[in-house]
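Chemist: no sequence for this one, just the structure:
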């Protein structure tokens, strides 16, 4: 089996584990897939996106470890976007991760705006964009 086929197999296992809620296993399979997928941009995009999703799930509470997972999620979503600047789902997920770890409404707003530029009918992005705008208005009112 060549490197690309091995990477695809590892990615399939990662996705299966992610779907079962076994996020640490998904991360481990993704990391294995990365070793074999170094030169295949589309495959890298998929691996980085799944790593972002898994770390995002691991980063849903407020402990220090989970905060690190949320930051890693942003890193991996950014890596996926670097391989496809029109990857709207990666922008959406990065915006959500940014809200989780830092409540940086301006930064998240930029991601939601990008999603809406790429997919004007994306209801999730529109709703999250509105939330950001409300918080930014509240911040401005308190200044």
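Modeler: It's in. This structure is a prediction, so every number in the text was calculated from the model and none was measured.

Chemist: hmm, residue 76 is touching residue 51, no?
Modeler: Yes - the pair residue 76 / residue 51 is scored as a contact, 4.2 Å apart, by C-beta atoms under 8 Å. Heads up, the C-betas are built off the backbone N, CA and C, glycines and all.

Chemist: may I ask which helix or strand of this protein has the lowest mean pLDDT?
Modeler: helix 64-83 (a mean of 86; mean pLDDT, DSSP states H and E).

Chemist: which strands or helices does the helix or strand following that one pack on?
Modeler: Going down the chain from helix 64-83, the next helix or strand is helix 88-102, by DSSP states H and E. Counting contacts by 3 or more C-beta pairs under 8 Å, 6 or more residues apart in numbering; DSSP states H and E, helix 88-102 packs against helix 41-58, helix 64-83, helix 105-118, helix 123-142.

Chemist: hmm, who's touching helix 88-102?
Modeler: Applying C-beta atoms under 8 Å, 6 or more residues apart in numbering, the contact partners of helix 88-102 are 49, 52-53, 56, 59-60, 67, 70-71, 73-74, 77-78, 80-81, 84, 104-105, 107-112, 114-115, 118-119, 122, 124-125, 128, 131-132.

Chemist: returning to what we had before: could you dump the helices and strands packed on helix 88-102 to TSV with mean neighbour count?
Modeler: Shown next, in TSV, are the helices and strands packed on helix 88-102 (neighbours: other C-beta atoms under 10 Å):
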stretch	mean neighbour count
helix 41-58	21
helix 64-83	18
helix 105-118	19
helix 123-142	14
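
Chemist: just to revisit the earlier point, tilt between the least confident helix or strand of the chain and helix 88-102?
Modeler: 150 degrees (axes from the mean of the first three to the mean of the last three C-alpha atoms, to 10 degrees).
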